[in-house]
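In: Have a look; sequence and predicted model below, questions after that.
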Amino acid sequence: MSDVGSQHSGPGGVHPRAALSDPSPRHVSSAGVVVDVSAVRGELTAIWASLGYDEINWTYRPQGKRLLTAIGEISPDPFYVRPHYMFCSGSGLSLPHWGNGNVYHEDIAGVPFYDFTILDQAYDAIVGAGHHVLVELGFTPRALVPDKAADTFTTIASPTLYSAYESGLWAFPPKDYSRWADLCAAVAEHVLGRYGSGEVSHWVWELWNEPDIFYWQGTPQQYYDLYTVTVKAIRRVLPGARVGGPSTTAGDGAVGFMRGFLAHCARTATPLDYVSFHTKGSAFTPWRTYGPTGGPPPAQESPSAVKMLFEVDRMLSVLGEFADYAALPVLIDECDAGVPAHHGMYDNANFRFQNTEYYPVFQAKLMKKLLDVSDAHHGNVELATTWSFYFEGERYFEGTRSWLTAGGIEKPFMNAYRLFAKLGRQRLEARSDAAWPIDDLAGRPYGMPEEVDCLASLHPDGTVAALVWRHADDQYSADSASAEVALRFTGLPAPSYALTEYRIDASHSNSHTVWQSLGEPQDPDETTLGQIRARQGLETHGAPNRMMTSISGELLHRTILPLPSVSLVVLEPC
């Protein structure tokens with residue numbers, strides 16, 4: 001779909017870093033949506049069943065374990081969980097955007113030894129909650145940092161910082177690739193003994209994170225060579241291990257890095273089981289304003305789904321240049337509306353969307369469009385990982401990218417994944433006359449315009465589940481009127497159905513608006529917390545299990561969608 005050799009055609013010849021607020025938005029007042037239950041498009045891949053985060057040490061904190069368990073109870077599919085910093089040295093204390101597995105050590109004679117205390121706690125929590133590990137092999141332990149790294153990467157001594165190591169010396173290539181290989185093999189051997197081949201056979205192994213930017217302070221070729229070393233190390237313990245990379249960004253600079261990586265694997269016959277890269281929908285300017293508490297943003301900006309889709313399309317096109325790799329599974333193992341995860345509305349008020357109903361609706365829209373882009377290539381996108389978990393010590397509704405806020409309150413974002421969990425295994429044909437097509441990914445300063453679109457599915461027992469949303473990338477776009485939506489199901493085999501409509505909007509499934517209505521308390525008592533928690537889960541729009549009769553295999557359901565909102569309409573055959 002894209003011309004990978006050209007810059008994206010936004011203002012100035014490059015793609016916008018974020019969507020600007022549209023001064024003259026076009027609103028959707030009505031839409032017709034048709035779901036053909038007799039037309040199965042194929043398997044509906046649960047690309048949303050994955051999460052990751054920086055703070056590996058919060059995995060096994062009480063709140064982290066509870067959240068992993070809650071996600072496992074929601075989802076019919078185990079999530080793939082990808083924490084950063086497993087090989088970084090440290091005390092076991094995580095801070096926002098930092099953690100450490102503290103595995104690698106050397107004795108006084110320089111002989112390596114391994115301590116799996118922290119890694120065991122993290123992986124025990126993930127596996128114990130019913131999930132699988134996406135093992136991100138990174139970064140360089142302190143004892144393997146090149147001796148001259150500190151000469152080129154220094155930091156000013158400060159009581160608020162640890163040292164140059166925590167600031168970034170871990171990003172240098174390990175000084176001894178042989179010892180790195182032994183470390184990777186030791187981890188593989190350890191987890192095989194601890195969790196067994198039945199569990200570890202599901203795991204995914206990946207080298208590093210975003211080596212095309214500051215996470216890698218070496219050359220591209222040094223990364224390519226380390227990848228070859230790493231694959232051999234893992235495979236000598238786990239011959240069937242699923243190993244891949246390079247886990248780049250999807251920015252302009254990543255295109256050449258990806259192309260070089262694939263060429264290296266082809267030239268050296270290095271095994272490659274999947275390809276991974278990342279995409280982010282916005283980088284607000286500036287990330288942190290240092291303005292007055294609660295102040296407005298310098299400019300109204302929003303995530304751009306168009307930016308994300310363009311980046312994914314471009315990277316899939318790079319794979320298409322290599323016949324042996326074009327159809328390989330693709331893991332978009334960071335796939336987020338914004339960056340970074342630990343910044344919130346007090347850093348830049350544009351991050352406020354991460355508290356509100358905007359975000360789960362964006363997520364529903366994004367998953368469907370990613371599936372469409374994937375289908376336009378080889379249908380090989382397997383995961384679209386949300387880089388979000390939770391944060392210790394934050395205020396209520398800080399606005400960080402997270403499933404929970406303070407007090408363990410579930411944010412509206414979590415309800416998007418409750419909706420995904422109710423989708424079936426087969427994708428149905430669905431079309432909307434108010435949908436935005438993916439065949440034009442030209443640079444759009446305002447992002448994706450307002451639309452009504454649908455992702456429909458079928459369960460083995462004949463239950464139909466259709467996601468329908470109204471959304472615009474511009475988080476500041478407002479419309480007092482709801483859109484009238486006629487949702488028509490055709491090809492229905494049963495004579496009658498029980499209809500339930502689940503809804504996320506400002507007044508449904510929304511702990512944030514409840515918290516706001518209670519005065520935005522930062523020290524809520526148990527009564528107030530109970531009121532918020534009572535509304536944090538998934539709620540219905542209208543009565544559940546309404547009896548509906550199909551006539552000649554057709555059934556019409558009318559609903560209204562405020563901006564933004566998403567409904568899941570479920571038809572259970574009677």
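Out: It's in.

In: Could you pull up the mean pLDDT of stretch 517-536?
Out: Confidence over stretch 517-536 (mean pLDDT, whole number) is 98.

In: May I see the buried residues of it?
Out: For stretch 517-536, the neighbour count (16 or more other C-beta atoms under 10 Å) marks 524, 528-529, 532, 535-536 as buried. Heads up, the C-betas are built off the backbone N, CA and C, glycines and all.

In: Likewise for stretch 351-364?
Out: Buried positions in stretch 351-364, judged by neighbour count with 16+ other C-beta under 10 Å: 351-364.

In: And stretch 193-213, by the same measure?
Out: Neighbour-count burial for stretch 193-213, counted by 16+ other C-beta under 10 Å, picks out 195, 200, 203-212.

In: With just CA atoms, put it into CSV.
Out: Extracted in CSV, the C-alpha atoms of stretch 193-213 (Å, rounded to 0.1, in the frame of the first residue of the first chain):
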residue,chain,number,x,y,z
GLY,A,193,13.6,-26.6,34.5
ARG,A,194,11.3,-24.3,36.5
TYR,A,195,8.2,-24.2,34.2
GLY,A,196,8.6,-27.3,32.0
SER,A,197,8.6,-27.7,28.3
GLY,A,198,4.8,-27.7,28.0
GLU,A,199,4.8,-24.1,29.2
VAL,A,200,8.1,-22.8,27.8
SER,A,201,7.2,-24.1,24.3
HIS,A,202,4.6,-21.3,24.1
TRP,A,203,7.2,-18.6,25.0
VAL,A,204,8.5,-16.1,22.5
TRP,A,205,12.2,-15.0,22.6
GLU,A,206,13.3,-11.6,21.3
LEU,A,207,16.6,-9.7,21.3
TRP,A,208,16.6,-6.2,22.8
ASN,A,209,14.2,-3.3,22.3
GLU,A,210,14.2,-0.6,19.6
PRO,A,211,17.9,-0.9,18.6
ASP,A,212,17.4,1.7,15.9
ILE,A,213,17.2,4.5,18.6
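
In: That stretch - what's its average pLDDT?
Out: For stretch 193-213, mean pLDDT rounds to 98.

In: got it, and stretch 306-324?
Out: 97.

In: Low-confidence stretches in this protein?
Out: Scanning the chain for pLDDT under 70 picks out 1-15, 161.

In: Next, please give the residue ranges for the helices of it.
Out: 62-74, 117-128, 149-152, 164-167, 177-195, 197-200, 220-237, 252-268, 305-319, 358-376, 412-421, 511-517, 526-533 (DSSP state H).

In: now the strands for the stretch 351-500 of the chain?
Out: Along the stretch 351-500 of the chain, counting by DSSP state E, counting those that start in this stretch, strands occupy 381-384, 386-387, 426-432, 451-458, 464-471, 483-490, 496-504.

In: Columns distance to Phe139 on top of those strands, output as TSV?
Out: Shown next, in TSV, are these (distance: least, C-beta to C-beta, whole Å):
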stretch	distance to Phe139
strand 381-384	22
strand 386-387	16
strand 426-432	38
strand 451-458	37
strand 464-471	37
strand 483-490	47
strand 496-504	37
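
In: To Gly253, which of the ones you listed lies closest?
Out: Proximity to Gly253, assessed across the strands of the stretch 351-500 of the chain by C-beta to C-beta, is greatest for strand 386-387 (19.7 Å).

In: Direction included, what does that closest one pair against?
Out: Looking at strand 386-387 with DSSP bridges, its partner strands are strand 50-53 (parallel).

In: export the strand it pairs with as PDB, just CAs?
Out: C-alpha atoms of strand 50-53 as PDB (Å, rounded to 0.1, in the frame of the first residue of the first chain):
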ATOM      1  CA  SER A  50      -0.600  -9.000  24.800                       C
ATOM      2  CA  LEU A  51       0.800  -6.400  27.200                       C
ATOM      3  CA  GLY A  52       4.200  -5.100  28.200                       C
ATOM      4  CA  TYR A  53       5.700  -2.500  30.500                       C
END
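
In: contact partners of that strand?
Out: Applying C-beta atoms under 8 Å, 6 or more residues apart in numbering, the external contacts of strand 50-53 come out as 71, 79-84, 134, 136, 331, 333-334, 341, 383-389, 403.

In: switch the cut-off to 6 Å
Out: 79-83, 383, 385-387, 389 (C-beta atoms under 6 Å, 6 or more residues apart in numbering).

In: Taking these, please make a PyMOL selection of just the buried ones.
Out: In PyMOL, this line selects whichever of these come out buried by 16+ other C-beta under 10 Å:
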select buried, resi 79+80+81+82+83+383+385+386+387+389
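
In: quick check, distance from stretch 310-317 to the centre of its chain.
Out: Relative to its parent chain, stretch 310-317 has a centroid offset of 17 Å by C-alpha atoms, centre = their mean, to the nearest Å.
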